[in-house]
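>>> sequence first, predicted coordinates after that:
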Amino acid sequence: MFRRIVHLALAAAVCGGAITLTAEQKPKPAPKPTTSAEDRAKAQENYRTTCQPCHGPEGNAPLKEMNLADGEWKHGSTPAAIAKTIREGVPGTAMVAFKDKFSDAEVRQLAALVASFGKAPAKKK
């Protein structure tokens, strides 16, 4: 699909005119992720069995490096950054890669759950 778009763009540049793509030729946007109650329940179960032993319930581990609820995110706080950490792990730490344990959808759902634990850090007086 990308190759066709590039060829059409080159043809438009060479011919000095614009080319209009038909509906079949236009790239389709990625579908928006949906999270059902079942997906959320599965993410909570995956968290409980896989993540909670280190990160604690609702991410409130007593060790700062493992706390997900204090608003301080060393490896990024966006769902995409969290998903990357879940998939790839963090070399040199106890955080192992889970790309072989969870599907991409499960990683995204787990990342969304973990992102919901983050709180704004308390302001120091």
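Received it, and whenever you're ready, just let me know what you need.

>>> which secondary element of this structure has the worst mean pLDDT?
helix 2-15 (a mean of 45; mean pLDDT, DSSP states H and E).

>>> tally up the residues packed near Met95, please.
Met95: 18 surrounding residues under other CB atoms under 10 Å. Any C-beta I mention is one placed from the backbone N, CA and C, and that applies to glycine too.

>>> next, the contact list for it, please.
54, 85, 89 (CB atoms under 8 Å, 6 or more residues apart in numbering).

>>> out of these, which is nearest to Asp104?
The closest of those to Asp104 turns out to be Thr85 (CB to CB; 14.3 Å).

>>> roughly how far apart are the residue lying closest to the closest one once chain neighbours are set aside and Ala41?
Nearest residue to Thr85, sequence neighbours excluded (CB to CB, 6 or more residues apart in numbering): His75, at 4.7 Å. Computed with CB to CB, to the nearest Å, the distance linking His75 and Ala41 is 26 Å.

>>> which helices and strands sit right next to the very next helix or strand once past the least confident helix or strand of the chain?
Once the chain leaves helix 2-15, the next helix or strand it forms, by DSSP states H and E, is helix 37-46. Judged by 3 or more CB pairs under 8 Å, 6 or more residues apart in numbering; DSSP states H and E, the packing partners of helix 37-46 are helix 104-115.

>>> and the helix it packs on, what does it pack onto?
Helix 104-115 is packed against helix 37-46, helix 79-88, with contacts defined by 3+ CB pairs under 8 Å, 6+ apart.
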